[in-house]
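>>> All I have is the shape, not the residue letters:
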């Protein structure tokens, strides 16, 4: 059995998140069924990040084991009758999911446990008028935001800290301590992007941080209060959860 690593993109709009759930259509479920359909064998697919319902991915990573694939002389993975596996897999997947790459990796590689960090971005469309093109992939905010205040508040979130105030309901993490390496707010006309890089994230953590930063941007919360929110270790002290549709998993670090 060979261990295979996949790099995956998806539009999460129509899915109940990544992880398989009873009576729900998820990315993991669709991808697993599609691979099993082609290979005619059961697999155990493991994703690096369990993205929430409605969240998108540009660089999700997953791995599975199989004995049905072999490498051609021109470095293409084939299966029965020398068919190009990646090409056929993308043909059977729905158009809002695609697999960008497949590679054989060491037996001990595990997409989740070997991850050293993840990069997310959150998109905000800041305009009085919504964009029909960005609306499905951003939080439309029509009111004024003070970006400099948001940048100042974001500095308090960088480092190894207890993020209990930013964990979502039902989070089963053993520890709420995480390390944030970078929070960067970029503006490009009406499109605002909040980039977050860290070692790991709690349930809804990025969206809760974004919702709180927006409260800072509106002036409802002062930037220095972010320190008090962290120290409170109480979800009720932070801002609202930003809509899922603006969040993208950009990269998984190994």
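Yep, that arrived. Keep in mind it's a predicted model, so treat the numbers as computed, not measured. Residues are numbered from 1 along each chain as shown.
>>> Just give the nearest non-adjacent residue to residue 24, would you?
What sits nearest to residue 24 in space, not counting adjacent residues and going by CB to CB, 6 or more residues apart in numbering, is residue 16, at 3.9 Å. Where you see a C-beta, it was placed from the backbone N, CA and C, and this is true even at glycine.
>>> How many neighbouring residues does that neighbour have?
Using other CB atoms under 10 Å, residue 16 has 17 neighbouring residues.
>>> any low-confidence regions in the stretch 101-250 of the chain?
Of all residues in the stretch 101-250 of the chain, none has pLDDT under 70.
>>> please redo it, this time with the cut-off set to 80
Residues of the stretch 101-250 of the chain meeting the criterion pLDDT under 80: 170-173.
>>> ok, back up a step: so what's the residue nearest to residue 24 up against?
Counting by CB atoms under 8 Å, 6 or more residues apart in numbering, residue 16 makes contact with 24, 25, 26, 53.
>>> can you name the farthest residue from the center of the protein?
residue 81 (35.9 Å; CA atoms, centre = their mean).
>>> Would you check how far apart that one and residue 40 are?
13 Å (CB to CB, to the nearest Å).
>>> how about the strands in this protein?
2-10, 46-47, 56-66, 70-71, 77-79, 83-84, 97-105, 117-126, 139-141, 159-162, 177-188, 191-198, 247-253 (DSSP state E).
>>> so which of those strands gets nearest residue 205?
strand 177-188 (7.2 Å; CB to CB).
>>> For that closest one, which helices and strands make contact with it?
If contacts are counted by 3 or more CB pairs under 8 Å, 6 or more residues apart in numbering; DSSP states H and E, strand 177-188 sits against helix 147-154, strand 159-162, strand 191-198, helix 205-218.
>>> Identify the residues contacting the closest residue to residue 58 other than its chain neighbours.
Nearest in space to residue 58, with sequence neighbours left out and distances taken as CB to CB, 6+ apart, is residue 250 at 5.1 Å. For residue 250, the contact set (CB under 8 Å, 6+ apart) comprises 58, 59, 119, 120, 121, 195.
>>> same thing but at 6 Å, please
58, 59, 119, 121 (CB atoms under 6 Å, 6 or more residues apart in numbering).
>>> and those, which two are the farthest apart?
59 and 121 (10.7 Å).
>>> still on that earlier bit, return the most buried member of the helices and strands packed on strand 177-188.
helix 205-218 (a mean of 24; mean count of other CB atoms under 10 Å).
>>> residues making contact with that helix?
Here helix 205-218 makes contact (CB under 6 Å, 6+ apart) with 120, 122, 145-146, 149-150, 153, 163, 166, 194, 196, 221, 223, 238-242.
>>> Repeat the analysis, applying 7 Å as the threshold.
With contacts defined as CB atoms under 7 Å, 6 or more residues apart in numbering, helix 205-218 is touched by 120, 122, 141, 143, 145-147, 149-150, 153-154, 157, 163, 166-168, 194, 196, 221, 223, 229, 238-242, 244, 247.
>>> go on, stretch 30-42?
Contacts for stretch 30-42 (CB under 7 Å, 6+ apart): 43, 45, 64, 66, 68, 79, 85, 88-89, 92-94, 97.
>>> From those residues, keep the buried residues only.
With burial judged by 16 or more other CB atoms under 10 Å, the buried subset of the contacts of stretch 30-42 is 43, 45, 64, 66, 68, 79, 85, 88, 89, 93, 97.
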